[in-house]
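Visitor: quick one, what's the 3D model for this:
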Amino acid sequence: MAPHEIRRPFKRPAISDQHKRRELSLLRQAQNRRDAQHHARCLASSVVSLQAPDPEPISEPEIADEPIVESESQSIPRDIDVRQASKLKGYEARRWFARQLMLPEWMIDVPDRLSHDCVNYRMGIQITLVHLGTRNKNSCFPIKMRKRIYHGKYVLARPSGKRCFVVSSGGTTVSRLRNGSVLHHFPSALPNGARTRDSSGSAQSYCILDCIFHELDQTYYVIDMVCWRGYSLYDCTAEFRFFWLNSKLAETGACDTPSPYHRYRFSVVPIYNCDQTGLYTVYTGAVPYVKDGLLFYNSTPMLMFSYAKMPKLLTPRHFPCIQWALQASAHAHYQTGNTPLALVWKDENCSQYVIDTDSKGQVPSQQQVVLELQDDGNLTTSDDPPVVFGCLDGDFVQKSGLHPGNLLRFAVSDGGLSFVDGKLERADLHYLGKLNRTRAFADSYSKVMFQYSVRHSPLSIDDLLASITSTIDQEKKARDVEMAG
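Guide: Residues are numbered from 1 along each chain as shown. Below you'll find the predicted structure:
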């Protein structure tokens with residue numbers, strides 16, 4: 001089956017507002033830039049200070065054997081400072097560190113243009129330009145314009161394994177799982193990752209990598225770079241982060257075979273442009289690891305804009321300055337927590353486990369979801385803001401010994417999930433039990449929706465490829481109209 005043969009006879013109707021939330025995430029990034037350098041430095045020091053082995057297992061059992069009472073004093077504020085996090089222990093430490101990874105949403109709807117999303121809006125900016133070749137001072141010009149941003153995408157075949165972030169600092173390397181538990185504490189060839197005589201670089205140098213540990217070949221497959229030799233990449237585009245990942249990692253010898261001062265091998269996951277060829281390659285191509293779906297990233301925006309009002313003093317030589325100023329405020333960065341700027345999708349051909357299994361590895365007859373109990377009895381997802389799936393009666397909460405913050409497991413009964421305009425209206429849930437604290441968070445809304453879609457109306461690879469085909473056709477028509485004009 002060649003990629004150009006894929007055609008979709010009809011457009012699958014949208015069942016969520018995922019595209020809208022992706023646009024809002026991009027706008028929030030442009031409006032709220034943070035001190036990422038300070039955040040990365042404190043994260044690295046916090047990991048090293050908490051490198052003592054955890055007494056609790058790193059696995060994630062499905063349902064707790066014993067009820068665990070969780071008092072309000074054990075809850076962790078969401079706005080806790082990273083310096084305070086270094087003082088956290090046990091469950092509190094794991095829960096805080098679990099928020100430091102960028103967690104992709106599950107692809108519920110195929111974007112109209114999978115190869116690139118388009119965002120249209122009007123904006124007004126004030127830009128300072130230097131009059132080159134003259135003695136005039138810098139001038140500020142208010143410019144009103146209509147802007148169209150095309151956000152390109154990358155795609156990669158996600159390795160199967162344990163998602164974690166790896167930090168090398170102070171002559172040691174530590175990896176932590178999604179639930180914040182320590183996975184490995186080991187020497188590595190990463191900068192400042194082992195105590196060796198020939199180690200180079202500042203003693204304050206540190207690195208943070210977003211990885212998946214593949215059990216079969218004992219390899220850390222790196223899917224993103226967050227910090228390198230003390231230089232933060234939180235606010236860098238995916239395109240730049242991937243460039244540095246491919247160019248810098250091999251220089252250190254981290255991709256070499258294991259040795260006494262380099263216990264685990266690191267490897268970079270091949271990344272492709274999300275066009276027909278790239279998508280078809282990652283879906284069908286051979287890789288040295290077991291696949292667990294496809295991962296899509298937003299990349300650097302391509303800006304197309306028209307001026308609604310522009311001062312007469314501006315000349316064409318100023319346009320590159322204007323374009324640079326716009327590009328600097330619209331990039332997709334490394335956003336911690338659940339984010340629609342990265343999407344994951346899978347089917348039976350690129351993943352062993354498409355439908356979630358229970359603790360015994362069996363697919364349950366009914367879909368199961370994990371929700372968090374709130375003070376008012378509401379059952380919510382891990383999203384920000386959270387999505388409410390239902391509410392428990394106060395008497396039932398008291399009799400069952402439940403407390404706010406508990407993670408509860410439910411089965412989706414015959415009534416299923418009901419939606420209105422892409423938003424959840426009603427959920428028919430049956431209570432199964434409470435989870436223990438080795439799991440950090442509830443399910444995200446997109447995960448619940450993806451699992452529900454897989455059981456009822458799954459997205460297929462034909463849908464994804466057809467979306468790219470329709471994009472090519474639309475761009476071709478647009479070019480023909482432009483030439484005719």
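
Visitor: all helices for this protein, in order.
Guide: Under the criterion DSSP state H, the chain carries helices at the ranges 18-31, 36-49, 82-85, 90-97, 238-248, 276-284, 319-327, 394-399, 445-456, 461-484.

Visitor: by mean pLDDT, flag the weakest helix or strand of the protein.
Guide: Least confident element among the helices and strands of the chain, by mean pLDDT, DSSP states H and E: helix 319-327 (a mean of 38).

Visitor: list the contacts for residue 211?
Guide: Residue 211 makes contacts with 163-166, 175, 220-223, 266, as judged by C-beta atoms under 8 Å, 6 or more residues apart in numbering. Heads up, the C-betas are built off the backbone N, CA and C, glycines and all.

Visitor: and those, which are buried?
Guide: For the contacts of residue 211, a burial check counting by 16 or more other C-beta atoms under 10 Å picks out 163-166, 175, 220-223, 266.

Visitor: just the ones of those in strands?
Guide: Those of the buried ones among the contacts of residue 211 mapping onto strands are 163-166, 175, 220-223, 266, per DSSP state E.

Visitor: residue 100: which of these is nearest?
Guide: Nearest to residue 100 among those: residue 165, at 6.5 Å, using C-beta to C-beta.

Visitor: partner residues bridging the closest one?
Guide: Residue 165 has these beta-bridge partners by DSSP bridges: residue 176, residue 210.

Visitor: hang on, isn't it packed against residue 98?
Guide: No. In this structure, residue 165 is not within contact of residue 98 by C-beta atoms under 8 Å, at 10.2 Å.

Visitor: in the protein, where is pLDDT below threshold?
Guide: By pLDDT under 70, the low-scoring segments of the chain are 1-87, 112-152, 197-204, 299-332, 470-485.

Visitor: can you add distance to residue 366 and give the buried ones among the contacts of residue 211 back as a markdown table?
Guide: What follows is these, written out as a markdown table (distance: C-beta to C-beta, whole Å):
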| residue | distance to residue 366 |
| --- | --- |
| 163 | 26 |
| 164 | 31 |
| 165 | 34 |
| 166 | 37 |
| 175 | 35 |
| 220 | 36 |
| 221 | 33 |
| 222 | 37 |
| 223 | 32 |
| 266 | 40 |
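
Visitor: for residue 247, see how far away residue 236 is.
Guide: 14 Å (C-beta to C-beta, to the nearest Å).

Visitor: also residue 211?
Guide: Distance, residue 211 to residue 247, by C-beta to C-beta: 18 Å.

Visitor: same check on residue 238?
Guide: Distance from residue 238 to residue 247, counting by C-beta to C-beta: 15 Å.

Visitor: more neighbours: which of the two?
Guide: Remark: of residue 238 and residue 247, residue 238 carries more neighbours, 24 against 10, as counted by other C-beta atoms under 10 Å.

Visitor: for the buried ones among the contacts of residue 211, which one is nearest residue 423?
Guide: residue 163 (28.4 Å).

Visitor: could you measure from the closest one over to residue 263?
Guide: Following C-beta to C-beta, the distance that separates residue 163 from residue 263 is 20 Å.

Visitor: what does residue 290 give?
Guide: Per C-beta to C-beta, residue 290 is found 22 Å from residue 263.

Visitor: do residue 428 as well
Guide: When residue 428 is compared with residue 263 (using C-beta to C-beta), they lie 49 Å apart.

Visitor: tally of neighbours for residue 418?
Guide: Other residues close to residue 418 by other C-beta under 10 Å number 10.
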